[in-house]
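Student: Sharing a model prediction with you, sequence too.
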Amino acid sequence: MIYRSKAPLRIGLAGGGTDVSPYSDLYGGAILNATVSLYASANIEPLSDNQIIIQAIDRKEDQRYDWSKILPIDGKLDLLKGVYNRLQRDYGLPATGFRLSTFVDAPAGSGLGTSSTLVVAIIGAFAEMLKLPLGEYDIAHLAYEIERNDLQMAGGKQDQYAATFGGVNYMEFYGQGKVIVNPLRVKQQYLFELENNLLLYYTAMSRESAKIIEKQSQNVLDKKSKSIEAMHQLKNQAQMMKEALLKGRLHEIGEVLDFGFQQKRQMADGISNSSMEEIYDAAKAAGATGGKISGAGGGGFMIFYCPDNSKYSVMERLEIFGGHCKPYQFVDHGLTTWTI
C-alpha cells in the first residue's frame with residue numbers, strides 16, 4: 001500500500017504578519033487568505049527492510065537511515081524528519097522501514113506558505129497510514145508546534161490552517177495559541193472575477209523569511225510604534241478585504257491591496273527592496289490598481305489586482321524583470337488523504 005496526501009498552497013490577501021507572535025498574542029491578529037491549485041504532496045510507502053528513506057523530489061534531495069525512533073535534525077530535510085520525530089513521540093510509529101517522498105509545486109521561500117503546507121501534507125500521509133483521529137484544528141496546531149517549537153523555525157500561524165481547511169477564510173489569532181477559522185461564503189461569480197483579475201507573479205528573487213519575521217517580532221518586543229501601528233492597520237485591512245469580497249465590491253480590491261502594501265513595508269526592514277518597488281510601480285503603471293508582496297516579503301511571489309483586462313498589459317510590462325506569471329485557480333478543499 002501507498003499512503004498519499006496533498007494540501008493546497010495559499011495566497012494571502014490581507015492582514016499578513018498579524019498572525020506572528022508576539023503581536024497576535026498581545027493585540028490579536030486577523031488574516032484573509034485563499035487556497036489555490038498549487039500543492040504540497042506527500043507519499044509514504046512501507047518497506048520490507050528496516051531502512052527509512054526520505055526524499056524531497058522537487059529539490060532532488062534524499063537521506064537514508066537505519067530505522068530509529070529519532071532522526072537527526074541537522075539541516076537536511078528537517079521538515080520531513082521533524083514530523084516523523086514528533087509523531088513517533090506522540091503516537092509511536094511501527095518499527096518498520098518506509099519511504100517518505102514529497103513534492104511542492106512552488107519553490108521554498110516563495111511566500112505561498114510552502115514549508116507549513118508541506119508539514120501539513122506529511123502529517124496527513126502519516127495520519128492516513130496510522131488512522132489517527134485528528135481533526136482539522138488538531139492537524140493545523142500540530143503542524144504549527146512542529147515548525148515553531150520542535151524545529152524552532154520563525155513564522156506565523158496562518159499557513160498551517162489555510163492548508164488544512166482550504167477555501168477562502170478569515171482567520172483570527174489570539175494569545176495562548178487560540179485560532180478561529182471563519183470560512184467565507186463568497187459568491188462564485190465574485191471568486192471567478194477575483195481569479196480573473198488577480199495576477200500571481202514570481203519575482204525569481206529568493207529570500208529567507210525567518211530572518212525577516214524575526215526582525216518583525218523583535219520590533220514588537222521593542223515596542224517600536226511605527227511597526228506596531230502598521231500591524232494594526234494590516235489587521236484593519238483584513239476586515240476591509242472581507243467586506244469587499246462578501247459584498248462584491250471588487251473594484252475596491254486593488255485599493256485595499258495597495259493600502260496593505262504601504263503598511264507592510266513599515267513592519268520590518270527587508271520586507272521590500274528597490275527591485276520589488278520597481279516591479280510594483282511598473283505593474284501599477286500598466287494598469288494594476290494595487291498589489292502585495294506574498295508571505296514575509298523580500299522576494300518570492302507578488303500579486304497584482306488588474307481590472308478591466310489590464311492583466312495582459314501588466315504581464316507584458318513585467319517581462320523585463322526576469323520573473324514569470326504563474327497560472328492558478330482558487331480551490332475550496334484543504335488537506336486530502338487517500339490510500340492505494
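Tutor: Looks like it came in fine. Numbers count the residues shown, from 1 in each chain.
Student: Phi and psi next, for His324.
Tutor: When read as degrees, to the nearest 10, the backbone of His324 gives phi -150, psi 160.
Student: cool, Pro183 as well?
Tutor: According to degrees, to the nearest 10, Pro183 has phi -70, psi 140.
Student: need the contact list for it.
Tutor: Pro183 makes contact with 165, 167-169 under the criterion C-beta atoms under 8 Å, 6 or more residues apart in numbering. No exception for glycine: its C-beta is placed from N, CA and C like everyone else's.
Student: Let me know the closest of those to Asp58.
Tutor: Closest approach between those and Asp58, by C-beta to C-beta: Phe165, at 24.0 Å.
Student: Tell me how far the closest residue in space to that closest one that isn't next to it in sequence lies from Ala143.
Tutor: If the residues on either side of it in the chain are set aside, Phe165 comes closest to Gly334, at 4.6 Å by C-beta to C-beta, 6 or more residues apart in numbering. Distance of Gly334 to Ala143, given as C-beta to C-beta, to the nearest Å: 12 Å.
Student: These two: which is more packed in?
Tutor: Shown here are Gly334 and Ala143; by other C-beta atoms under 10 Å, Ala143 has more neighbours (31 against 25).
Student: Run through who's touching the helix or strand hosting that one.
Tutor: Using DSSP states H and E, the element containing Ala143 is helix 136-144. Contact partners of helix 136-144, identified using C-beta under 8 Å, 6+ apart, comprise 86, 116, 119-120, 123-124, 127, 134, 157, 160-161, 163-165, 177, 179, 181, 334-335.
Student: what does the helix or strand following that helix contact?
Tutor: Using DSSP H and E, the helix or strand that follows helix 136-144 towards the C-terminus is helix 158-165. For helix 158-165, contacts defined as C-beta under 8 Å, 6+ apart pick out 7-10, 12, 16, 19, 31, 33, 35, 40, 113, 115-117, 119-121, 136-137, 139-141, 143-144, 147, 169, 171, 173, 179, 181, 183, 334-335.
Student: which residues touch the residue lying closest to Leu200 once chain neighbours are set aside?
Tutor: Distances taken as C-beta to C-beta, 6+ apart place Lys326 nearest to Leu200, at 4.7 Å, with adjacent residues excluded. Neighbouring residues of Lys326 by C-beta under 8 Å, 6+ apart: 38, 106, 200-202, 301.
Student: and what of Ser24?
Tutor: Taking C-beta under 8 Å, 6+ apart as the test, what Ser24 contacts is 18, 156-157, 173-175.
Student: Relative to Ala125, how far out is it?
Tutor: 29 Å.
Student: Please apply the same query to Phe330.
Tutor: Taken as C-beta to C-beta, the span from Phe330 to Ala125 is 24 Å.
Student: again, but for Ile139
Tutor: The value you get for Ile139 to Ala125, if C-beta to C-beta is used, is 11 Å.
Student: next one: Gly290
Tutor: For Gly290 relative to Ala125 (C-beta to C-beta), the value is 38 Å.
Student: Give me the distance from whatever helix or strand Gly12 lives in to the chain's centre.
Tutor: Taking DSSP H and E as the definition, one finds Gly12 inside strand 3-14. The chain centre lies 7 Å from the centre of strand 3-14; the measure is C-alpha atoms, centre = their mean, to the nearest Å.
Student: average pLDDT for the helix or strand containing Gln63?
Tutor: Using DSSP H and E, Gln63 sits in strand 61-66. Mean pLDDT, strand 61-66: 97.
Student: Same check on stretch 14-26?
Tutor: 92.
Student: now swap in stretch 198-214 and tell me
Tutor: 74.
Student: returning to what we had before: so between Phe330 and Ala125, which is more surrounded?
Tutor: Ala125 (27 against 20).
Student: So for the helix or strand in which the more buried one is found, what gets flagged as buried?
Tutor: Following DSSP H and E, one finds Ala125 within helix 114-130. For helix 114-130, a neighbour-count test (16 or more other C-beta atoms under 10 Å) marks 114-130 as buried.
Student: quick check: angle from it to helix 158-165?
Tutor: For helix 114-130 against helix 158-165, the angle by axes from the mean of the first three to the mean of the last three C-alpha atoms, to 10 degrees is 40 degrees.
Student: got the angle for helix 114-130 vs strand 3-14?
Tutor: Using the same axes, to 10 degrees: helix 114-130 against strand 3-14 is 150 degrees.
Student: neighbouring contacts of the longest helix along the chain?
Tutor: Ranked by residue count, the top helix of the chain under DSSP state H comes out as helix 225-246. Helix 225-246 is contacted from outside by 13-18, 23, 27-32, 168, 170, 184-186, 190, 194, 216, 219-220, 249-250, 252-253, 256, 259-260, 263-268, using C-beta under 8 Å, 6+ apart.
Student: One more: stretch 80-100?
Tutor: With C-beta under 8 Å, 6+ apart, stretch 80-100 has contacts from 42-56, 63, 67, 69-73, 102, 119, 122-123, 125-126, 130, 132, 142, 145-147, 150-151.
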